[in-house]
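1. here you go, sequence then predicted model.
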Amino acid sequence: MTTRRRFFAWTAALAAAVPALAQHGRWDYLGEANVDGTNDHDRIRVGKGYGRFRGIRLHVENGPILFHHVVVEFGDGEKGEIKIAAEIPAGGQTRALPLQGKDQHIEAVEIWYGRVLANGPKPRVRLFGLH
C-alpha cells in the first residue's frame, strides 16, 4: 500500500471513529420534570456545582413525549437553542445533543414539549449531562 493510500485509509478510519469517541464520557443525572399537558414548558435548574458539560440527553419515562425544542442557559448568561422536533416513546431517549463551543457550566435547561397521550400516567423527562 502506498503512503498516500495509507494516509487516506487512516483518515477514513479516524473520521468514522470521531462520532463514537464523542459519546464517551460520564453521563450525570441533572434533574427531571413531569409533562402536564399537550403543550408544556418546564425549566430544570442545574447550576455550576455539577461541573462542565459538552452535551445533554433527555430520557423519557411513563409515556411518550413530543419534543419541540430545548434552550440551554449557560453560567455566563449565554443561551443556546437545540431543535429536536421528535416523538420519543416511554423508555427511549434523545440522541446526544452536543453543546456548542467549549465545555460549559449549565445554569438551566428549558424544555418545550407535550404529552402524546391525553390519558394515562404523566410522562416524565430526566436530564443527563455528558462530561
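-> Sure, I can see it. Residues are numbered from 1 along each chain as shown.

2. go ahead and report the secondary structure state at the nearest residue to Thr94 once chain neighbours are set aside.
-> Closest residue in space to Thr94, ignoring its immediate chain neighbours: Leu58 at 4.6 Å, by C-beta to C-beta, 6 or more residues apart in numbering. Bear in mind the C-beta positions are built from the backbone N, C-alpha and C, glycine included. Under the three-state scheme (DSSP: H, G, I helix; E, B strand; the rest coil), Leu58 adopts strand.

3. Leu58 touches Pro123, doesn't it?
-> No - proximity of Leu58 to Pro123 does not meet the contact threshold set by C-beta atoms under 8 Å, at 11.1 Å.

4. which is the next helix or strand following the host helix or strand of Phe67?
-> Phe67 belongs to strand 65-74 when assigned by DSSP states H and E. Counting by DSSP H and E, the next helix or strand C-terminal to strand 65-74 is strand 79-88.

5. any idea of the mean pLDDT in the helix or strand just after that following strand?
-> Proceeding N to C from strand 79-88, the next assigned helix or strand is strand 97-98, under DSSP H and E. Regarding strand 97-98, the rounded mean pLDDT is 94.

6. this completes my enquiry, with thanks.
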